[in-house]
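Participant: just coords:
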C-alpha cells in the first residue's frame, strides 16, 4: 500500500492546510452555528489528522485512498457529534472515532465472522445496559455492566465493537425521480447513541489501564484543558514529571486501543 505517495484521493497532501488552536476553536463555534464555509475549512484543516491515522494501518493490504476516504467519514462523524461543552480537544475526541471507522471497514472488508460466544457477550451487555437505564434512569458505566453480567470490561468493549454491522457508503436509501440518496449523503450520526456509547466504553476501558495518578493527569490535561505547568502546580510535582507520566499514560492507552505497534 502506497502510504508514502503525495496525492491521495486527488488531494495533494503536501499542501494540506494547518490550523492554529485559535482558528480551530473559532471555526468549530461557527460551524456549530451552521456556517458551511467554516465547516468545509475545518474539515480541510483536519485532513492531516486523518492522514496520520491511516499510516498506522500500513500493515494492511488495503488501498491508501480507500482508507483515507473512510477516515474522512470518521472525521465528519466526529465533527457532527462533537459538543463544545465536552471540554476536550477535538483531536482527542475525534481520533478514536476515525480509528473505529477504519477498523470497522477493515473488519467488514475482510469478511471476518464474529463467533457466537462473542455475540452472546455483546447481547448480554446491551441487555444489561437497557435494564440498568430503566431502573436507574441513567447510562451505566462499563464497570457497572461488567459487575452485572460477570464479564471483564475489555471483553465487553471487544464484543460490542465486533457486532457492529457497517453499511456500504453507496447503499441507496431513497430514490425519487432519478435522484438517489445514498448512505454517504447522511453521514451525520447525531442520533446514533449506541455508537457513541461504544466509543465512550472504549475510552473508559483504556483509562482503566492507568494508575490513579496517570488518570488524574490525563483528566486534567485533556478533559479540563490544563497546561502541563498548571497540572504540575496543582499536584505538586515538576513539569518534567508531568510530561513523562502523560507520555507513558497515552502510550498505555494507545496500545490498548490499537494494539502493539
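Facilitator: Received the coordinates, thanks. Computed from a prediction, not measured in an experiment: that's the story for all the values here.

Participant: Show me where the stretch 151-261 of the chain has its strands.
Facilitator: Using DSSP state E, counting those that start in this stretch, the strands of the stretch 151-261 of the chain run over 172-176, 179-182.

Participant: Outline the domain layout of this protein.
Facilitator: 7-109, 113-206, 209-261 (automatic domain parsing).

Participant: Select from the strands of the stretch 151-261 of the chain the stretch with the lowest mean pLDDT.
Facilitator: Ranked by mean pLDDT, the strands of the stretch 151-261 of the chain end with strand 172-176 at the bottom, a mean of 44.

Participant: pLDDT weak spots in the stretch 151-261 of the chain?
Facilitator: 162-202, 257-261 (pLDDT under 70).

Participant: how does it look with 50?
Facilitator: Within the stretch 151-261 of the chain, the segments meeting pLDDT under 50 span 167-168, 170-195.

Participant: Please enumerate the helices of the stretch 151-261 of the chain.
Facilitator: Taking DSSP state H, counting those that start in this stretch as the test, the helices found in the stretch 151-261 of the chain are 153-162, 193-207, 212-218, 228-235, 239-258.

Participant: could you dump these to JSON lines with mean neighbour count and distance to residue 44?
Facilitator: For every residue, glycine as well, the C-beta is placed using N, CA and C. Compiled in JSON lines, the helices of the stretch 151-261 of the chain are given as follows (neighbours: other C-beta atoms under 10 Å; distance: least, C-beta to C-beta, whole Å):
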{"stretch": "helix 153-162", "mean neighbour count": "20", "distance to residue 44": "30"}
{"stretch": "helix 193-207", "mean neighbour count": "17", "distance to residue 44": "24"}
{"stretch": "helix 212-218", "mean neighbour count": "17", "distance to residue 44": "29"}
{"stretch": "helix 228-235", "mean neighbour count": "16", "distance to residue 44": "30"}
{"stretch": "helix 239-258", "mean neighbour count": "16", "distance to residue 44": "26"}
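
Participant: Is it possible to get TSV of those helices that adds distance to residue 73?
Facilitator: Output for the helices of the stretch 151-261 of the chain, formatted as TSV (distance: least, C-beta to C-beta, whole Å):
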stretch	distance to residue 73
helix 153-162	17
helix 193-207	12
helix 212-218	27
helix 228-235	33
helix 239-258	19
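
Participant: Since that was my last question, I'll sign off now.
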